[in-house]
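**Student:** Could you work out the structure for the sequence below:
(one chain, ligands or ions: 1)
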Amino acid sequence: MAALADHPGIVFDAASVKESVIEAVRSTLGRVPPRFVPAHPIAGRETSGPGAADARLFESHQVVLTPVPETDARALTAVTQLWEGVGARVSVMSAAAHDEMLAVTSHLPHLVAFAYLQTVTPEHMRHAAGGFRDFSRIAASDPAMWAPIFTQNGRAVLAALDDLEQELNRLRALIAAGKREDLVQLIEESRRRRRAFGKPSVNEAVAVSPAPVIAIDGPSGSGKGTVAAAVAERLGWRLLDSGALYRVVADAALRRGVALDDAAALALLATDIEIRFAGEAVMVDGVDRALAIRTEDVSAAASKVAALEPVRAAMLDLQRAQRLFPGLVADGRDMGTVVFPDAALKVFLDASLEARAERRYIQLKNKGLAVSVSDLLATLEERDRRDRGRAVAPLRPAEDAVLIDSTALTVDAVVARVLEAARVRGIVTRT
Ligand code: C5P
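**Tutor:** Modelled structure (predicted):
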């Protein structure tokens with residue numbers, strides 16, 4: 001870690017214990033570098049070394065990331081993408097929660113297996129069968145790995161061991177007293193728990209909850225873009241400006257002379273161009289089009305191409321791929337209704353037509369683009385009509401959306417309301 005302290009790249013580890021790793025980094029460097037992402041891939045075998053390598057080892061396995069407050073959101077996103085890229089399912093929790101969890105699900109079973117093998121002789125093993133094989137497999141694990149895990153996660157392992165000792169004593173007492181009925185009950189309960197393991201309902205709910213989404217929808221000029229960016233910044237979450245995607249397609253269509261009602265050609269175009277957001281820049285096939293896509297011509301064209309179902313379908317995966325930890329703030333027209341129907345918070349932001357036209361005017365003027373307020377009123381109204389009236393993904397509030405009218409509110413006031421709504425729902429703890 002000392003050698004990597006000033007390395008510009010992202011660093012992550014793969015250790016089975018997280019608090020002690022973070023502590024070691026902090027005491028070695030005097031700080032936790034923002035680009036260090038504590039990680040634990042929960043996949044492995046009792047074998048080790050290059051000869052035991054398996055390219056598909058991480059597929060469908062869990063990887064837990066335990067960021068600290070200093071961790072850079074983009075570094076966390078990059079490491080999430082890397083693990084998802086080899087097929088793993090990523091979840092994020094605190095280092096303390098991870099260590100307690102793993103003490104119970106992994107460290108204790110290994111400890112018990114090692115202890116048990118101390119009671120087994122070669123003579124016993126000659127007569128051993130399936131029960132022995134299943135229970136003792138992990139006792140063949142590498143001591144160089146396991147001894148440090150037990151000591152570095154000592155507190156949590158000892159707490160788990162206390163619980164197990166209690167259970168063993170309970171079983172001992174039942175056996176000594178010949179309480180067969182009670183034993184049946186206890187075993188029945190354990191059997192029920194073990195059978196639930198691996199069932200999608202258990203594993204999906206606990207392990208693979210996807211990154212949280214805050215969806216902010218509303219008409220043009222309602223302030224959703226500004227609000228979404230501010231909320232993402234405050235939370236350290238990713239931002240998806242979905243309108244920019246339709247603008248990029250419209251812009252490309254105008255440049256390449258593709259008719260704005262040729263659904264098939266536009267859908268092809270949408271999948272053909274490479275779109276990448278890099279801070280303020282909107283890179284289209286390697287060229288920044290951030291400013292070019294904000295003109296009124298492109299605005300009008302965007303709402304036309306966005307009404308076509310094949311174009312929207314082509315954009316769906318691209319939008320959902322942005323859903324990465326620690327979370328995504330997505331703004332648009334159908335974020336809460338179509339793209340992220342399971343968003344943890346849905347906001348529908350509205351404002352009077354006059355207020356929206358005025359805001360757009362100021363926004364465009366600041367970007368050096370010349371327009372008149374009366375023209376803007378007319379085109380905004382026209383775009384709204386098209387966005388609300390179209391057959392696919394029309395602009396409308398999701399049933400469970402929080403409605404905010406921003407006509408008389410400052411940006412800060414709207415941001416505060418959104419963050420408060422997120423806090424009330426338990427999506428974020430600190431705002
Ligand atoms: O939000 P923005 O004004 O940049 O969006 C441009 C156009 O893209 C909108 O008028 C709308 O027709 C379309 N759009 C959409 N669905 C979204 C975002 C934008 O149809 N989620």
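
**Student:** so what's residue 26 up against?
**Tutor:** Residues in contact with residue 26, defined by C-beta atoms under 8 Å, 6 or more residues apart in numbering, are residue 32. (Glycine included, C-beta is placed from N, CA and C.)

**Student:** I'd like the distance between it and residue 76.
**Tutor:** Per C-beta to C-beta, to the nearest Å, residue 26 is found 18 Å from residue 76.

**Student:** now swap in residue 130 and tell me
**Tutor:** Using C-beta to C-beta, we find residue 130 at a distance of 43 Å from residue 76.

**Student:** In terms of neighbours, single out the busier of the two.
**Tutor:** Remark: of residue 130 and residue 76, residue 76 carries more neighbours, 25 against 7, as counted by other C-beta atoms under 10 Å.

**Student:** Show me what the host helix or strand of the more buried one is packed against.
**Tutor:** Secondary structure from DSSP states H and E places residue 76 in helix 73-85. On a contact count with 3 or more C-beta pairs under 8 Å, 6 or more residues apart in numbering; DSSP states H and E, helix 73-85 meets strand 36-37, strand 39-42, strand 62-65, strand 89-92.

**Student:** what does the shortest one contact?
**Tutor:** Contacts to strand 36-37, defined as C-beta under 8 Å, 6+ apart, come from residues 1, 10-12, 25, 65, 67, 71, 75-76, 79.

**Student:** List the residues that contact residue 288.
**Tutor:** With C-beta under 8 Å, 6+ apart, residue 288 has these contacts: 281-282.

**Student:** Recalculate using a threshold of 10 Å.
**Tutor:** Contacts of residue 288 were listed using C-beta atoms under 10 Å, 6 or more residues apart in numbering, and they are 276, 278, 280-282.

**Student:** Could you single out the nearest of those residues to the ligand?
**Tutor:** Of all the contacts of residue 288, residue 282 has the smallest distance to the ligand: 10.8 Å, by C-beta to the nearest ligand atom.

**Student:** So the closest one is in contact with residue 248, correct?
**Tutor:** Yes - using C-beta atoms under 10 Å, residue 282 is in contact with residue 248, at 6.5 Å.

**Student:** ok, residue 408 - how many residues close by?
**Tutor:** Residue 408 has 9 nearby residues by other C-beta under 10 Å.

**Student:** For residue 279, see how far away it is.
**Tutor:** 32 Å.

**Student:** Ok, residue 345 next?
**Tutor:** 25 Å.

**Student:** Next one, pLDDT for residue 95 please.
**Tutor:** pLDDT for residue 95: 90.

**Student:** Contact partners for it?
**Tutor:** 17-23, 38, 40, 64-68.

**Student:** Mind giving me the PyMOL command for buried ones among these?
**Tutor:** For the buried members of the contacts of residue 95, the matching PyMOL selection, counting by 16 or more other C-beta atoms under 10 Å, is:
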select buried, resi 17+18+19+20+21+22+38+40+64+65+66+67+68
